[in-house]
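**Q** sequence below, structure please.
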Amino acid sequence: MTDRRHVEVLVVGGGIIGCSIAYHLTRMGKQDVAVLEKNQLTHGATWHAAGLVGQLRSSRNTTRMLQKSVELYDKLEAETGQALDWKKVGSLRLASSKDRMLEIKRLATTSKSFGLEMQILTTQEAQELFPIMTTDGVEGAAYIPSDGYIDPSSVCQALAKGARDQGAKIYQGVEVLEVRRNGRQATEVVTSEGTWTFDILVNAGGMWSRDLGKLSNVKVPACALEHQYMITDPIPDMPKNMPTMRDPDRLVYYKPEVRGMVVGGYEKGTLPFGDDGIPQGFGRELLGGNFDRFEQLACLASEITPVINSVGIRELINGPIPYSADGDFVMGKAVELDNYFVASGFLYGIAAGGGAGQMMAEWIVNEAPSLDLWPLDIRRFSEHHNTNYFMYNRAVEHYGGHYLLHKPGEEAEAARGIRRSPLYDILKEKGACYGSKAGWERPNWFAQDREEAVDQLDFDRKKTNWFSPVAKECKAVRENVGLIDQSSFAKMEVVGPGALAALQRLAISNLDKPDGSVIYTQLCNEKGGIEADLTICRLGRERFYIITGSGFATHDFHWIKSHLPADGSVHTFDVTSARAVINICGPNSRAVLQSVTREDISNDAFPFSTCQQIEIGAATLWALRIGYVGELGWELHIPTEFTAHVYEKLWEAGQSYEIANIGYRAIDSLRLEKGYVYWSSEVTPDYNPYAAGLGFKVALKSKENFIGREALLSIKESGPTEKLSTFTVEADVSLYGAETIFHGDDVVGLTTSANHGHTIGTQIAMGYLPASLADQQGFEIEAFGKRYPAVRVDGALYDPTNKRLKM
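**A** Residues are numbered from 1 along each chain as shown. Predicted coordinates:
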């Protein structure tokens, strides 16, 4: 290799992900691709991976991505001539409790809506597929015929060969020493064998990706944890072509291995690896087996497969595997640099390899993947996710909970309390049961009558200890007045002589409104897909204030800043920590607020969708007359240090109205009654405003130039292919989202969100339907393996004319 070379796309990392990215780039016409591997291909985590290929995940598009892996593995050997040892034998998932069986039935419903075949089996049918298991204590099982397992090294080598065959170059034994940058561009990679320049740099460094990111100040919240599995000696008379098996109640998985069995699992108390940096020279090494820690898994495995007690352990493998701060992949363009992509944190990298490589190649070539991958997008993280404290504590917790039974509403326990509103202690004293969002502590609900503020969860929402308190909170908002701490909102100011023009180009609505206007709008991509759903306030001629969801700060602010002019006419400031937010809402909210401020807040003086500065006590703050619950109300954006003072004034004034504190679980119920959408559920880059029922926000007549205008004009003329619909279900069943929607025997969609509507007294679900069915009836929604009649409803279920909102 020469001392200096240039390449269009430089991929660092020669594991399955890096090789897959190179393979797919060449299939998309990018032959000028190089892969640098510091050791040899497959070194790191790929070579010692267990090799299971499962497809079903909680996200539809993550599942679709893994399905693409299977589609690739089906044809890769024939295409490249490289043997794969791909065994498409299916996978079993056991249920050894009634709750686990409910979970499996829910998964079967979810998989149906995702287009993945999953069969519910009896214990006897499961044993026929996996004869070495006992049926004692097993309630049933699920079977996915298209799952399987593959040899990790072989598939990595096949992808590498496929990339080379189409022109990509792969260099082994080349270590990256330095990554140079100039402004927002990575410019050079200095290696042990010379310097590379490039147009695009891809960090696919596996467990080294975080250290590699640090070389150019790119934050990659991914790490490595110890993972163990044992390989048994041969098991007598073990059938061929057995499926893989997961027994989550016993925390273990199984994979056939040369007449024996691989048995691994996810126990509590695993150890971080390389938390102070991966040791120099580490490559194709294993860590010492920890038999004491593995013993708990071996004992649990022997309960369901007692035969392993009679055979020896050939080897105990302990190797580091990649993990992220929330247990999911880390993919996409880095926020710090414009030509730097990340593909890391692949806990199940062999299963993801084929599909993830395709998505990353699309991201690089087309600037976006063909699937909305928000659950995997690196922009879901914030600064704190990249700290050792948060990342390792959360990663270890996620690892230990990988197979635990997760009920709806479950919250993380590790690394809590790191971002707190000024009202945290006050609300805790008043019974707040907190959840965590983007590191923020947010009240989910409020315990009453000295009830303990700790979640008691159940698949049946009505059996939880928070169902009744949430109902009372909803009643307070609908009939009286409530206070909601929404300080976790992400907030940005955009200022400068070019601010209006820049934001006009981004937003689909017309922002050229008088000072004091509040505009709810969407930001779309060139295809008309919704990239952000937010509120913009015009505080002055050259000053705008943007509010978005707690978990979308990095994503939305990156989208905005990446589309601003570079001429210095626009400046942005993240003011999330500078202002807290108290939402006062309900029919008596005006009376309470008017009693603590001298400003006139009557409907004539302070109309809906406007904002004004008002005083409450000694605090001067911005009051925004908007809301997300469908009632009269104001968001009060308060200088942080005055927040407790303002809350105390409101709480005291509200006593004669029986004012109540309101949590986020009530918000979700109330917004569904009103038909309000949530970004990442109802509105995403997969959907456009016309499909989402937001066509009225698109300013085609008053604006001639904004991102996505041409696509939206075309969609309006031809009509959207899908339409967002609202359903009610009278049956006594709990819906949570991702349920299958049927019309007759046809699967026609899945629910995007669902909850109990405490005001209307039924279950509410939202979901997209083909446009041809959007005015029909006769729907059913399947939940936990059973179908229930669902009535499609036109318009909002609550206050469809907005009379209460604008009173």
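
**Q** make it CA atoms for all contacts and neighbour counts henceforth
**A** Noted.

**Q** domain map for this protein?
**A** Recorded structural domains for the chain (assignment: automatic domain parsing) are 4-84+150-223+326-380, 91-148+225-321, 490-575+688-718.

**Q** out of the ones you listed, which comes closest to V747?
**A** In this view, these are compared for proximity to V747 by Cα to Cα, and domain 91-148+225-321 is the closest at 7.0 Å.

**Q** the closest one - what's its average pLDDT?
**A** For domain 91-148+225-321, mean pLDDT is 95.

**Q** likewise for stretch 345-359?
**A** Across stretch 345-359, pLDDT averages out at 97.

**Q** C-alpha coordinates for it, PDB please?
**A** Extracted in PDB, the C-alpha atoms of stretch 345-359 (Å, rounded to 0.1, in the frame of the first residue of the first chain):
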ATOM      1  CA  GLY A 345     -23.500  -1.500  19.000                       C
ATOM      2  CA  PHE A 346     -24.600  -4.600  17.200                       C
ATOM      3  CA  LEU A 347     -25.500  -7.000  20.000                       C
ATOM      4  CA  TYR A 348     -26.900  -9.400  17.400                       C
ATOM      5  CA  GLY A 349     -24.700  -8.400  14.600                       C
ATOM      6  CA  ILE A 350     -24.800 -11.800  12.700                       C
ATOM      7  CA  ALA A 351     -28.600 -11.600  12.500                       C
ATOM      8  CA  ALA A 352     -28.400  -7.900  11.500                       C
ATOM      9  CA  GLY A 353     -25.400  -8.100   9.300                       C
ATOM     10  CA  GLY A 354     -27.000  -8.400   5.800                       C
ATOM     11  CA  GLY A 355     -29.800  -5.900   6.400                       C
ATOM     12  CA  ALA A 356     -27.800  -3.400   8.400                       C
ATOM     13  CA  GLY A 357     -25.200  -3.200   5.600                       C
ATOM     14  CA  GLN A 358     -27.900  -2.500   3.100                       C
ATOM     15  CA  MET A 359     -29.500   0.200   5.200                       C
END
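
**Q** indicate which one of the domains of the chain is closest to R625.
**A** Minimum separation from R625 across the domains of the chain (Cα to Cα) falls at domain 490-575+688-718, 8.0 Å.

**Q** before we move on, back to that, would you turn the domains of the chain into CSV with distance to R625 and mean neighbour count?
**A** As requested, the domains of the chain are exported to CSV (distance: least, Cα to Cα, whole Å; neighbours: other Cα atoms under 10 Å):
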stretch, distance to R625, mean neighbour count
domain 4-84+150-223+326-380, 29, 22
domain 91-148+225-321, 39, 19
domain 490-575+688-718, 8, 19
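
**Q** phi, psi of E193?
**A** Dihedral angles of E193 (phi, psi; degrees, to the nearest 10) stand at phi -120, psi 20.

**Q** how about Y253?
**A** Geometry field for Y253 lists phi and psi as phi -130, psi 160, criterion degrees, to the nearest 10.

**Q** nearest to G400, of the domains of the chain?
**A** Distance to G400, taken as Cα to Cα, is lowest for domain 91-148+225-321 among the domains of the chain, at 4.1 Å.

**Q** is R671 in a helix, a strand, or coil?
**A** In terms of secondary structure, R671 is helix; the call rests on DSSP: H, G, I helix; E, B strand; the rest coil.

**Q** which ones are touching it?
**A** The contact partners of R671, taken as Cα atoms under 8 Å, 6 or more residues apart in numbering, are 628-630, 677.

**Q** who wins for most neighbours among those residues?
**A** Neighbour counts for these were taken using other Cα atoms under 10 Å; the highest belongs to G630, with 28 neighbours.

**Q** so what's the closest residue to F552 other than its chain neighbours up against?
**A** Spatial nearest neighbour of F552, excluding adjacent residues (Cα to Cα, 6 or more residues apart in numbering): R380 at 6.5 Å. For R380, the contacting residues are 374, 551-552, 554-555, by Cα under 8 Å, 6+ apart.

**Q** what ranges in the chain fall below the confidence cut-off?
**A** 1-2 (pLDDT under 70).

**Q** go through it and flag its longest helix.
**A** Longest among the helix segments of the chain by residue count, using DSSP state H, is helix 60-80.

**Q** show me what that helix is in contact with.
**A** Applying Cα under 8 Å, 6+ apart, the contact partners of helix 60-80 are 53-57, 82-84, 86, 114, 146-147, 155, 158-159, 161-162, 351-356, 359, 371-373, 375.

**Q** equivalent analysis for stretch 459-467, please.
**A** Applying Cα under 8 Å, 6+ apart, the set of residues contacting stretch 459-467 from outside is 99, 102, 407-408, 445, 447, 455-458, 468, 733-734.

**Q** that one: end-to-end distance?
**A** 12 Å (Cα to Cα, to the nearest Å).

**Q** run the chain-centre distance for it.
**A** Computed by Cα atoms, centre = their mean, to the nearest Å, the separation of stretch 459-467 from the middle of its chain amounts to 24 Å.

**Q** now do stretch 587-597
**A** Here the centre of stretch 587-597 is set off from its chain's centre by 38 Å, with Cα atoms, centre = their mean.

**Q** next, the buried residues of that stretch.
**A** Residues 587-590, 592-594, 596 are the ones in stretch 587-597 that count as buried (16 or more other Cα atoms under 10 Å).

**Q** now distance to R284 and secondary structure too, for those, in JSON lines please.
**A** As requested, the buried residues of stretch 587-597 are arranged in JSON lines below (distance: Cα to Cα, whole Å; DSSP: H, G, I helix; E, B strand; the rest coil):
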{"residue": "P587", "distance to R284": "66", "secondary structure": "coil"}
{"residue": "N588", "distance to R284": "67", "secondary structure": "coil"}
{"residue": "S589", "distance to R284": "64", "secondary structure": "helix"}
{"residue": "R590", "distance to R284": "67", "secondary structure": "helix"}
{"residue": "V592", "distance to R284": "67", "secondary structure": "helix"}
{"residue": "L593", "distance to R284": "66", "secondary structure": "helix"}
{"residue": "Q594", "distance to R284": "69", "secondary structure": "helix"}
{"residue": "V596", "distance to R284": "68", "secondary structure": "coil"}
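
**Q** so who does the residue nearest to the spatial centre of the chain touch?
**A** The C-alpha lying nearest the average C-alpha coordinate of the chain belongs to P375 (Cα atoms, centre = their mean; 2.5 Å). When contacts are counted by Cα under 8 Å, 6+ apart, P375 touches 59, 62, 328.

**Q** go on, E315?
**A** When contacts are taken as Cα under 8 Å, 6+ apart, E315 is in contact with 230-232.

**Q** mind listing the helices for the stretch 451-600 of the chain?
**A** Ranges of helices within the stretch 451-600 of the chain are 467-479, 499-506, 553-561, 589-594, based on DSSP state H, counting those that start in this stretch.

**Q** so which bits of the first one are buried?
**A** Just to be clear, that refers to helix 467-479. Residues of helix 467-479 classed as buried: 467-478 (neighbour count, 16+ other Cα under 10 Å).

**Q** many thanks, have a good one.
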